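Asker: model this:
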Amino acid sequence: MKVFTTQPGVQFYTGNMLRDVRGKAGAVYSRHSGFCLETQHFPDSPNREDFPPCVFGPGKNYAEKSVFAFEIE
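Answerer: A predicted model of the protein is given here:
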């Protein structure tokens with residue numbers, strides 16, 4: 001899997017805390033059953049001058065793009 005984004009950061013979450021969560025079609029998800037890649041600005045960006053700005057106001061356009069690509073070899 002490849003991730004391309006215009007966002008400056010990626011937050012990685014794991015399924016380490018899942019405890020037999022029921023999903024679609026009766027699937028049951030337990031610990032380590034999944035992960036999430038969430039493209040976003042860096043945490044604490046509004047308070048850090050050394051991080052890219054993330055505060056937008058009225059009249060400003062906001063657009064970001066994330067592409068998740070999967071390859072099968």
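Asker: Tell me which residue lies farthest from the centre of this protein.
Answerer: Each residue of the chain has a distance to the centre, and by Cα atoms, centre = their mean the biggest one is for Gly59: 26.3 Å.
Asker: what helix or strand does that residue sit in?
Answerer: According to DSSP states H and E, Gly59 maps onto no helix or strand at all.
Asker: where's it relative to Pro52, distance?
Answerer: According to Cβ to Cβ, to the nearest Å, Gly59 stands 20 Å off from Pro52. Heads up, the C-betas are built off the backbone N, CA and C, glycines and all.
Asker: need the contact list for the closest residue to Pro53 other than its chain neighbours.
Answerer: If the residues on either side of it in the chain are set aside, Pro53 comes closest to Ser45, at 7.1 Å by Cβ to Cβ, 6 or more residues apart in numbering. Residues in contact with Ser45 (Cβ atoms under 8 Å, 6 or more residues apart in numbering) are Phe51, Pro52, Pro53, Cys54.
Asker: What's the local residue count around the nearest residue to Met17 once chain neighbours are set aside?
Answerer: Nearest in space to Met17, with sequence neighbours left out and distances taken as Cβ to Cβ, 6+ apart, is Arg31 at 7.4 Å. If you count neighbours by other Cβ atoms under 10 Å, Arg31 ends up with 11.
Asker: what's the answer for Phe70, then?
Answerer: When neighbours are defined as other Cβ under 10 Å, Phe70 has 6 of them.
Asker: Could you pull up the contacting residues of it?
Answerer: For Phe70, the contact set (Cβ under 8 Å, 6+ apart) comprises Met1, Lys2.
Asker: and Pro8, how many residues sit next to it?
Answerer: 15.
Asker: which residues does the nearest residue to it once chain neighbours are set aside contact?
Answerer: Of all residues not flanking Pro8 in the chain, Pro52 sits nearest, at 4.8 Å (Cβ to Cβ, 6+ apart). Residues near Pro52 by Cβ under 8 Å, 6+ apart: Pro8, His41, Phe42, Ser45.
Asker: The third one reaches Phe51, doesn't it?
Answerer: Yep, that's Phe42 we're talking about. Yes: with contacts counted by Cβ atoms under 8 Å, Phe42 reaches Phe51, the gap being 4.8 Å.
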